[in-house]
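Novice: Prediction below, plus the sequence it came from.
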Amino acid sequence: MSSAGGKSAPAAAAQLLIITGLSGSGKGTALRALEDLGFYAVDNLPIGLIPKFADLTRDSSRVSRAALVVDIREGGALKAFPAMFRKLKARFPVKLMFLEADDATLQRRFSETRRPHPLGAQATVAENIAEERRLLAPIRRLADPIIDTTRLNVHELREVIAEKFGGQQRANLRINVTSFGFRHGVPADSDLVFDVRFLPNPNYIPQFKELTGRNPKVARYIRSFPQTVEFIDRISELLVYLIPHYISEGKTYLTISIGCTGGKHRSVMIASEIRKRLAAAGYKAKETHRDMNKG
């Protein structure tokens, strides 16, 4: 068995990855992690449609890799999976990943989530787990990799998936650095908000009033104050420290909002500078200015 830390075939080469395994073993987490890595993700596709889905994936110009979940929810149709998979594998670059955990861990996870086992309430959770193992045994024998999630939390499982199917790169963190004006409200999707209203306001200087923080003269004026330079340095250092931790926790989107009074001068200049600092640190970040052109 290939454990979470074990070696397996170069899984990243598969065009279609089928995820299966025991209920409560983390299949949903794995599918979401693969989606963040760029896979086209589908949950609970009927077994009879998998060959057609594989053909559509192969012929698509927009889908380079796809992942789907097949599990005990298929009911009796699951018996047809081994034969279907062997035929599909003979003509298509497909891999099968099986997730499992020990009985005690699975029972604890069902207890914590208070979700019923897919096999129903007629038997105990322990009995359902044993029956599910029996039903999935023929499929498990076809799988590579097999990942034991007993000692993995959600974030660690995402890391394992990223290592096995994302090459050496982690899931991409999409960073947006945006400027805004407090008078227009804080952006609803903000993860981090920084207030730069403590800086001198160019709006009160007549020649700058109708310009924006993108103008070199305005930017030079804002940068002329030592507190501006120190703020940019300190915030940039903080973000470079924080971002790897956000990535390791599985975060895929980060919106950094920089606000001043109207969102036209100070916040625009600061947001632009911080985006440049993040780019210099090796992070891909886009820059937006929500209120820059508002009156």
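Specialist: Structure's in. What do you need?

Novice: Low-confidence regions, the chain specifically.
Specialist: 1-14, 167-172, 295 (pLDDT under 70).

Novice: Give the buried residues for stretch 229-240.
Specialist: 231-232, 235-236, 239 (16 or more other C-beta atoms under 10 Å). To be clear about C-beta, it is placed using only N, CA and C from the backbone, and glycine gets the same treatment.

Novice: can you redo the residues you listed as CSV with secondary structure and distance to residue 65?
Specialist: Shown next, in CSV, are the buried residues of stretch 229-240 (DSSP: H, G, I helix; E, B strand; the rest coil; distance: C-beta to C-beta, whole Å):
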residue, secondary structure, distance to residue 65
231, helix, 42
232, helix, 39
235, helix, 37
236, helix, 34
239, helix, 31
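
Novice: Helices of the stretch 51-200 of the chain, start to end?
Specialist: 81-91, 103-113, 125-140, 154-165 (DSSP state H, counting those that start in this stretch).

Novice: Same list (those) but as JSON lines, adding mean neighbour count and distance to residue 74.
Specialist: Formatted as JSON lines, these follow (neighbours: other C-beta atoms under 10 Å; distance: least, C-beta to C-beta, whole Å):
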{"stretch": "helix 81-91", "mean neighbour count": "14", "distance to residue 74": "8"}
{"stretch": "helix 103-113", "mean neighbour count": "15", "distance to residue 74": "19"}
{"stretch": "helix 125-140", "mean neighbour count": "16", "distance to residue 74": "10"}
{"stretch": "helix 154-165", "mean neighbour count": "20", "distance to residue 74": "22"}
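
Novice: With distance to residue 269 added, can I get these in JSON lines?
Specialist: Formatted as JSON lines, these follow (distance: least, C-beta to C-beta, whole Å):
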{"stretch": "helix 81-91", "distance to residue 269": "56"}
{"stretch": "helix 103-113", "distance to residue 269": "47"}
{"stretch": "helix 125-140", "distance to residue 269": "58"}
{"stretch": "helix 154-165", "distance to residue 269": "36"}
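
Novice: Walk me through the domains of this protein.
Specialist: Under the assignment automatic domain parsing, the domains of the chain span 11-165, 174-289.
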